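Chemist: Generate coordinates for the sequence data below:
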Amino acid sequence: MSFTITLKPSGEQFTVNPGEAILDSAIRQGVAMPYGCRSGRCGACVANIVEGEISYPYGEPIALDTTNPNICLPCACKPEGDVTLEVKTIGQKDEIKVRMLPCRVHQIDHLAHDVIRLLLKLPDGQRLQFRAGQYIEFVLADGRHRAFSIANAPHDDAFIELHIRHVDGGKFTDWAFSQMEEKAILRIEAPHGSFVLDEKSQRPMIFMGGGTGFAPLKGQIEHALHMGISRPMTLYWGVRSKRDLYLPELPKTWEAGFDHFKFIPVLSEPDADWEGRTGYVHEAVLADINNLADHDIYMAGPPVMVKSGRDAFLAAGVSDDNMHYDSFDYADDSKLKK
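Modeler: Residues are numbered from 1 along each chain as shown. This is a model prediction of the structure:
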């Protein structure tokens, strides 16, 4: 039996099939709800339960605030009847359709000891329409999905650029690092995600990335610079040591070419000769910016970094509406970004 989901304040309605997660149903029908990981680990899709009951068939997700019984994560729950949710929508039905496409591995570059850059080529005459910050999903032969953020900007669409970090025990990344070859044919489903720029805002922008969280931020920054957005932009890139800054010269070129852009790398386990910023990346943001509530903040990286940043920035007076985040996690059998 299917149930009806009503979204407030937009008034949009859609139906959920038996056993289907609310978010999966919304995506299938083109309803533009916010989301990130689609696995219950980032909390980007959080909604208030106005009416009705939901359940979590696979257990309560990691990002769920269990102290508040009136919220849910639509990516991980299914309705037990008709449900009304209050959710921050991202507009009307998305004009960009999710497509299943074949692609060819055009180039593999080893950027660091544990990061490769993958350039994917679509068939002749095909281009992927997407918004800066979104992600693709590889559809594997056994039906599993592996999700990776798009690292290029929409205007630079000759290839799809991905930054893939090797994860110990990760079957897909083990294969990508040891066996994947150029000209290999893969299947992707794209684009996904609501981690996109608020281009109507006039607030200064802070980009905070951890590890390969740099990938979607790179696409967003390149898009903003290409579009002539002149608001102040500051990139904080948090990593353990210098070798983890896998494209260190690129943000330096942005900084040299644009007066309104600043780059601040932050090392949590600094090398002996490091003379730059140290510590946790969100603490560097707090130390530098006095009027943080007047900024738009874009965060991408490991869940612990995103959660620490969000909690700290909320405490500093930043509205949740001004924070945009994409949380990466690493697991064998989930639809997770890396």
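
Chemist: Which residue or residues pair with the closest residue to Leu122 other than its chain neighbours through a beta bridge?
Modeler: In space, and not counting its chain neighbours, Leu122 is closest to Cys103: 5.4 Å by Cβ to Cβ, 6 or more residues apart in numbering. To be clear about C-beta, it is placed using only N, CA and C from the backbone, and glycine gets the same treatment. In this entry, Cys103 is beta-bridged to Leu186, by DSSP bridges.

Chemist: From what I see, Cys103 and Leu119 are in contact.
Modeler: No: between Cys103 and Leu119 there is no contact under Cβ atoms under 8 Å: 9.9 Å.

Chemist: out of those two, which sits in the busier spot?
Modeler: When Cys103 and Leu119 are compared on other Cβ atoms under 10 Å, the one with more neighbours turns out to be Cys103, at 23 against 19.

Chemist: Tell me the pLDDT of that one.
Modeler: On the pLDDT scale, Cys103 is placed at 98.

Chemist: ok so, going back, got any residues that touch both of Cys103 and Leu119?
Modeler: Contact criterion Cβ atoms under 8 Å, 6 or more residues apart in numbering; residues shared by Cys103 and Leu119: Ile160.

Chemist: any idea how far Gln13 is from the residue nearest to Leu122?
Modeler: 35 Å (Cβ to Cβ, to the nearest Å).

Chemist: now do Asp65
Modeler: Using Cβ to Cβ, Asp65 is found at 26 Å from Gln13.

Chemist: again, but for Ala44
Modeler: For Ala44, the distance to Gln13 - Cβ to Cβ - is 22 Å.

Chemist: And the two? Which one has more around it.
Modeler: For Ala44 versus Gln13, the count of surrounding residues by other Cβ under 10 Å is larger for Ala44: 24 against 13.

Chemist: ok, Phe14 touching Ile27?
Modeler: No: taking contacts as Cβ under 8 Å, Phe14 lies outside contact range of Ile27: 10.0 Å.

Chemist: got any residues that touch both of these two?
Modeler: With Cβ under 8 Å, 6+ apart, Phe14 and Ile27 have no common neighbours.

Chemist: low pLDDT regions in the stretch 51-200 of the chain?
Modeler: 89-95 (pLDDT under 70).

Chemist: do that again at 80, thanks
Modeler: Residue ranges of the stretch 51-200 of the chain with pLDDT under 80: 88-96.

Chemist: for the stretch 201-338 of the chain, same thing?
Modeler: Ranges of the stretch 201-338 of the chain meeting pLDDT under 80: 327-338.

Chemist: How far does stretch 166-173 stretch from one end to the other?
Modeler: Counting by Cα to Cα, to the nearest Å, you get 5 Å between the two ends of stretch 166-173.

Chemist: Next: stretch 295-309.
Modeler: End-to-end distance for stretch 295-309: 14 Å, by Cα to Cα.

Chemist: any idea how far Arg277 lies from Glu283?
Modeler: 9 Å.

Chemist: Please read the previous query as pertaining to Gln107.
Modeler: According to Cβ to Cβ, Gln107 and Glu283 sit 37 Å apart.

Chemist: before we move on, what about Arg203?
Modeler: According to Cβ to Cβ, Arg203 and Glu283 sit 21 Å apart.

Chemist: Next: Asp320.
Modeler: Asp320 sits 20 Å away from Glu283, taking Cβ to Cβ as the criterion.

Chemist: Show me which of the two is the more surrounded one.
Modeler: Using other Cβ under 10 Å as the criterion, Asp320 and Glu283 rank with Glu283 on top: 18 against 12.

Chemist: and that one, backbone torsions?
Modeler: Dihedral angles of Glu283 (phi, psi; degrees, to the nearest 10) stand at phi -70, psi -30.

Chemist: List the residues that contact it.
Modeler: Ala312.

Chemist: roughly how far apart are it and Phe207?
Modeler: Counting by Cβ to Cβ, the gap from Glu283 to Phe207 is 16 Å.

Chemist: Which residue ranges of the stretch 101-250 of the chain form helices?
Modeler: Along the stretch 101-250 of the chain, the stretches classed as helices by DSSP state H, counting those that start in this stretch are 171-178, 214-226, 249-257.
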